[in-house]
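[1] here is the input, now give the coordinates:
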Amino acid sequence: MTEPPKINFPLTQLNTESLEDVLEQHDKQFLVFSSAGKPIYAYHGNEEKLSSFMATAEALMSVATASRSESLRYIRSGRNVVAFLDRSPICLVAISTLAEPPAVLRMQLALIHGQLTSLLTASAVNSIFTKNPGYDARRLLAGSDIMLGSLIKSFTSTPNALLGAFPSFPLLPTLRTTIIENLKMAVAASNSLFGLIISGGSVVALASSNAKLRMQQWDILLLLNFLKSNLSLRQAGTVFAPLCLPTYNPHGHLHAYIQFLDTQTDIAVVLLAGGANPDFEQLSAAQEQLRTTLVEGGDSSGGILGALRTASQELTCSQCRYTSLETLKEALTRAGIGLGCLLHCVYKRSAAQQFVATPWATVVEEDDAMKRDIIVAYSQLRAAMFDHSGEHVQGPLQTLRYEARKKFSLLALSGTGSELYLVLDCFVEKAEAVKAASEVLRSLVNRHDALFF
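    Below is the predicted model of the structure:
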């Protein structure tokens, strides 16, 4: 396969005064515009003032496609990386000064496009711009700035996007099994396609109407952001909302029945039904039966919901029995390093497209810039391990990679069906880091039943 189009030239050739101002004040910028160059969304600044840049960027994308017969993917300009994504009739551009891999920036753009599609559907967007290529789509996205902003902020605060996986909620296996079985009954009783139980931004349980039908991780990430960024959902308690799952079907809406069972720990149940005319009474009855079972069922006095609420509070307070830093102390001791040397850990189960992460160490929790630097470092480390010159090659190029940075060191370990990433004190040397990773991986593998589903 040929190398993706790359063009090296000063970014000032594309700059307007407004864009220069934005890049002086912010590490990243995201822009969305139509194939006609009409502004739709700007993460920073006023899209009207950035419209000349958007028009120039669209022209550049068109020229590159015409001359090279493939889409323009990215441009490097000094410390800036400009990534492009053409999803005609929508174009998206990301500008980053953080040295993020271009493939990661394009993945972020794909998620932004997916979030837009989740609100409008691809069919609606295509129909609008077919009839009027110069249509001002901003009126359709009124009120979506908070949702898009929340998604963009997650790119440098969580590993969700760079891993292509959703966060799994660690839970006692027997408790999770009970919850999943009750969720399956609710999905069947409501004639829904999918059902989810979510707590604090992580997925507790997932069920579908067909064993062969499974929600993809990208749709789940978009749903999680939809729930997180809409305060009105918590205030309302129970909501019906049209929602498109772009990976499942980009051309139609599903009907989401959302109920928050506990607003303090953000425990919510979501049932997703298809069809033009879902039976809302049937959905409501199934949801109410599930809620009753969660409240009254189980061995504890607070029922299943009470046990889940307790687990959520422990996770929030960094005291989860499965993923807290303290639970890895024994593994680190076997490796000959202290608990204080571990700053963060991420563990992904590839087949399930799920991951878990430890809380941030205190020194990182209090430093937002360091959190951002670690997330970016994760993306760089993973790209170095997995990027291939050809797209048809699968699997990592390396199974182990260690890098020493100024403030921390990192080690990635890729095994059969899993990925482990450790962030350690900058004084931890490679041999120590390798031993620590081996011991931590062994400890986490022994907890698979509680970590994943």
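[2] touching, P39 and S51? I think so.
    Yes - counting by Cβ atoms under 8 Å, P39 touches S51, with 4.7 Å between them. Every residue, glycine included, has its C-beta placed from N, CA and C.
[3] who's in contact with Q313?
    T265 (Cβ atoms under 8 Å, 6 or more residues apart in numbering).
[4] tell me the phi and psi of it?
    Per-residue torsions, Q313: phi -70, psi -40 (degrees, to the nearest 10).
[5] likewise G78?
    Dihedral angles (degrees, to the nearest 10) for G78: phi 60, psi -130.
[6] cool, F408 as well?
    Residue torsions, per degrees, to the nearest 10, at F408 are phi -160, psi 170.
[7] bridging residues for it?
    For F408, the beta-bridge partners under DSSP bridges are D425.
[8] how about the contacts made by it?
    Taking Cβ under 8 Å, 6+ apart, one finds L343, M370, I374, A377, V423, L424, D425, C426 in contact with F408.
[9] for those residues, which one is nearest G201?
    I374 (18.4 Å; Cβ to Cβ).
[10] per-residue pLDDT of the closest one, please?
    Reading off the confidence values, I374 has pLDDT 98.
[11] low pLDDT regions in this protein?
    1-18, 68-69, 298-301, 388-396 (pLDDT under 70).
[12] hang on, the earlier thing: okay, and the common contacts of P39 and S51?
    The contact lists of P39 and S51 share F33, where a contact means Cβ under 8 Å, 6+ apart.
[13] neighbour count for the two, which is higher?
    Higher neighbour count among P39 and S51: P39, with 22 against 18, using other Cβ atoms under 10 Å.
[14] backbone dihedrals for the more buried one, please?
    The phi/psi pair for P39 (degrees, to the nearest 10) is phi -70, psi 140.
[15] repeat for C426
    Given degrees, to the nearest 10, the pair of backbone angles that C426 has is phi -60, psi -10.
[16] mind starting the numbering at 49 from now?
    Will do, 49 is the new start, and the previous item becomes C474.
[17] can you report how many residues lie near it?
    For C474, using other Cβ under 10 Å, the count is 13.
[18] I'd assumed I385 was in contact with E487.
    No - E487 is beyond contact range of I385, at 9.5 Å (criterion: Cβ under 8 Å).
[19] output the contacting helices and strands for the strand or helix carrying A103.
    For A103, the host element (DSSP states H and E) is helix 99-116. If you count contacts as 3 or more Cβ pairs under 8 Å, 6 or more residues apart in numbering; DSSP states H and E, helix 99-116 packs onto strand 76-82, strand 128-135, strand 138-144.
[20] just the buried members of the contacts of F456?
    Neighbour counting with 16 or more other Cβ atoms under 10 Å marks L391, M418, I422, A425, V471, L472, D473 as buried within the contacts of F456.
[21] ok, then the element right after the helix or strand containing V317?
    Following DSSP H and E, one finds V317 within strand 315-321. For strand 315-321, the following helix or strand on the C-terminal side (DSSP H and E) is helix 328-344.
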